[in-house]
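> Could you look at this predicted model? Sequence included:
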Amino acid sequence: TRMVRDVGLAEDLAQDALVIALERWPDSGIPDNPGGWLMAASKRRAIDFLRRSKLRDRKYEEVGRSADLYTEDDLEAAKDGEIGDDLLRLIFMTCHPVLSREARIALTLRLLGGLTTDEIARAFFAAEPTIAQRIVRAKRTLREAGAVFEVPSGSELKERLATVLEVIYLLFN
């Protein structure tokens, strides 16, 4: 625990050492100091873990420095409120303000999340027919309102943000 500064990880390393002992000791015999052997094996596993972690972190840093994640054009587009990700842009479009909050979420989960009506119903803790009807009504409302599916901008973008965040949360749950 002192080496890795994590009780759970230290426990895992000790258990790994015990597994190694259970595999090796029947063939080689129990050492004179089994407790010392287990401590030494655990310590070696901790050192290996720390080395791998350090190497991994160094590799991540190298990749981060070498990757052009954002360009100046991306920064300018973000300042103008332009959404660069296609799926996120579609989520903003389907979270249209003419719909109720529940209808926006259900429609977006169905159309863009690829969830079934049953899965959406479980997310809402509602009956499947209720959600199916909600999705049908949402589509009808959008058609009757003549809603234009375009990326919102300015204050309209900010108004839709809460619903978009809820949809994204539900997609990952």
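Arrived safely, thanks for sending. Numbers count the residues shown, from 1 in each chain.
> When you work out contacts or count neighbours from here on, use the C-alpha atoms and nothing else.
Noted.
> gap between the closest residue to residue 123 other than its chain neighbours and residue 102?
Nearest non-adjacent residue to residue 123, counting by C-alpha to C-alpha, 6 or more residues apart in numbering: residue 170, 7.3 Å away. With distances taken as C-alpha to C-alpha, to the nearest Å, residue 170 is found 12 Å from residue 102.
> low pLDDT regions in this structure?
For the chain, residues meeting the criterion pLDDT under 70 lie at 67-84.
> any chance you could map the helices in it?
7-28, 34-66, 72-79, 86-94, 101-111, 117-124, 128-145, 154-172 (DSSP state H).
> Just say which of the ones you listed is most tucked in.
Between the helices of the chain, helix 101-111 has the highest mean count of neighbours, a mean of 22, where neighbours are mean count of other C-alpha atoms under 10 Å.
> Mind giving me the packing neighbours of it?
helix 86-94, helix 117-124, helix 128-145, helix 154-172 (3 or more C-alpha pairs under 8 Å, 6 or more residues apart in numbering; DSSP states H and E).
> Among those helices, which comes closest to residue 58?
helix 154-172 (29.3 Å; C-alpha to C-alpha).
> Could you double-check that residue 105 lies in contact with residue 169?
No: counting by C-alpha atoms under 8 Å, residue 105 stays clear of residue 169, with 10.5 Å between them.
> Can you give me the distance of the residue sitting furthest away from the middle of the chain to residue 41?
Distance from the C-alpha centroid of the chain, by C-alpha atoms, centre = their mean, peaks at residue 32 (48.8 Å). Separation of residue 32 from residue 41 (C-alpha to C-alpha): 15 Å.
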